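**Q** Have a look at this fold, sequence not included:
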């Protein structure tokens, strides 16, 4: 396994839209191991998306099981070709990102979502999510479409904040 370099703003590649995964063979499995190793090595990440490491396929990993808001959640999820098929409710919440290391921001997201995604084997599954897990998944899916949380803050003047501390080992949305 390898720890991959995380792209950070203002890298233009973060705006690139990712392509669907079509091959579920050994190269994908190796990349997934590297992506997880990178997430675990990064400061405080509950999620990471493939484009954050310059791999432009529709892949992300989310694990909300060890956050301060763990319930309800599905544990560690590897989501390939994910797509939100239903959403409900809206709420503002603070987000941070491995690719935007110096800032956090208030972003409005759906409070409940239904998601379909493929597993590393290629099998398709559906998930109903709410709360922090739903927010984290929406954040990671934005990366697949070339968006950062900074693209979604209502006002950069009132909803974007300089990060005071970014410590390893805590948990914040990536």
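**A** Yes, it's here. Computed from a predicted structure; not experimentally measured.
**Q** Going by neighbour count, list what's buried in the longest helix anywhere in the chain.
**A** Secondary structure of the chain per DSSP state H: the longest helix is helix 26-41. Of all the residues in helix 26-41, those buried under the rule 16 or more other Cβ atoms under 10 Å are 28, 31-32, 35-36, 38-39. From N, CA and C alone the C-beta is placed, and that goes for glycine too.
**Q** Please list all residues in contact with the residue lying closest to residue 62 once chain neighbours are set aside.
**A** Leaving aside its sequence neighbours, residue 62 sits nearest to residue 47 (Cβ to Cβ, 6 or more residues apart in numbering; 4.2 Å). For residue 47, the contact set (Cβ atoms under 8 Å, 6 or more residues apart in numbering) comprises 39, 60-63, 136-137, 139-140, 173-174.
**Q** Mind checking which of these are in helices?
**A** Among the contacts of residue 47, the members found in helices (DSSP H) are 39, 136-137, 139-140.
**Q** List of residues touching stretch 5-13?
**A** 14, 38, 42, 51-54, 56, 98-101, 148, 150.
**Q** so what does the helix or strand containing residue 81 touch, helix or strand wise?
**A** Using DSSP states H and E, residue 81 sits in strand 76-97. When contacts are defined as 3 or more Cβ pairs under 8 Å, 6 or more residues apart in numbering; DSSP states H and E, strand 76-97 packs onto helix 26-41, strand 59-63, strand 100-118, helix 131-144.
**Q** make it 10 Å
**A** helix 26-41, strand 47-49, strand 59-63, strand 100-118, strand 124-130, helix 131-144 (3 or more Cβ pairs under 10 Å, 6 or more residues apart in numbering; DSSP states H and E).
**Q** tell me the mean pLDDT over that strand?
**A** Mean per-residue pLDDT for strand 76-97: 96.
**Q** show me where pLDDT drops low in this structure?
**A** Residues of the chain that meet the criterion pLDDT under 70 lie in 68-71, 165-174.
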